[in-house]
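1. turn this into a structure:
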Amino acid sequence: MQRVTYNFNAEKNLGILSEAAFLTTRWKEKINTMVIGWGTIGVMWRLPVFIAMVRKSRFTYEMLEKSREFTVTFPYGELPPAALPVCGQESGRKMDKLAASGLTVCPAQVINTPVLNVAGMHYECKLVYDRTMGEEKLDKALNELWYTKKPENYHAFFIGEIVASYITE
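-> The predicted structure is shown next:
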């Protein structure tokens, strides 16, 4: 493990995020991971933050509301073949996505939620703010594009302070 600043490899990590990164949560003994393609790396309140967007209907949303922490993994190498389809399309309510995907986890350095045991960049995040978005201030074209099929299923923004960032091989 190599400790690095949160913005180390920023361009590479943002490229991976636009394709498929992973957000992992833990509540008690249950661990769930999901594929994310939306997020922001930045600074707020003089803190390094990762902003994740999770729909209220997702099992991950429920777990984030309880645990108030999450990890983000930007994979740098090969993943098990089932990792993206299982973690991107299945629900952790119904199955153990880690077992089904072939992914494993290892302990985090600072928080209780583990990181995926894959080569890549990892963030450990403690929630500092969350808010569910709504139609009232959203651009109409974006609302039509992303929310007309399920208007009750807006994303919630989860702003996590990045309390640890490192690369594993």
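2. hang on, residue 107 packs against residue 117?
-> No - checked against Cβ atoms under 8 Å, the pair residue 107 and residue 117 is beyond contact range at 9.9 Å. The way it works is simple: take the backbone N, C-alpha and C, and place the C-beta from them, glycine included.
3. which one of the two is surrounded by more residues?
-> When residue 107 and residue 117 are compared on other Cβ atoms under 10 Å, the one with more neighbours turns out to be residue 117, at 13 against 10.
4. just checking, the more buried one touches residue 105?
-> Yes - using Cβ under 8 Å, residue 117 and residue 105 qualify as a contacting pair, with a distance of 5.7 Å.
5. which outside residues touch the lowest-mean-pLDDT helix or strand in the chain?
-> The helix or strand with the lowest mean pLDDT-type score in the chain, counting by mean pLDDT, DSSP states H and E, is helix 140-147 (a mean of 89). Among residues not part of helix 140-147, those counted as contacts by Cβ atoms under 8 Å, 6 or more residues apart in numbering are 135, 138, 153-154.
6. pull the most distant pair out of those.
-> The distance between the two most remote of these (Cβ to Cβ) is 13.1 Å, for 138 and 153.
7. quick one on the thing from earlier: for the contacts of helix 140-147, which ChimeraX command selects only the ones that are buried?
-> Here is the ChimeraX command that selects only those of the contacts of helix 140-147 that count as buried (16 or more other Cβ atoms under 10 Å):
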select :154
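8. relative to residue 87, which of the contacts of helix 140-147 is nearest.
-> Using Cβ to Cβ, residue 153 comes nearest to residue 87 of these, at 19.3 Å.
9. and the closest one, how far from residue 57?
-> From residue 153 across to residue 57, the span is 5 Å (Cβ to Cβ, to the nearest Å).
10. same thing with residue 68?
-> Residue 68 sits 20 Å away from residue 57, taking Cβ to Cβ as the criterion.
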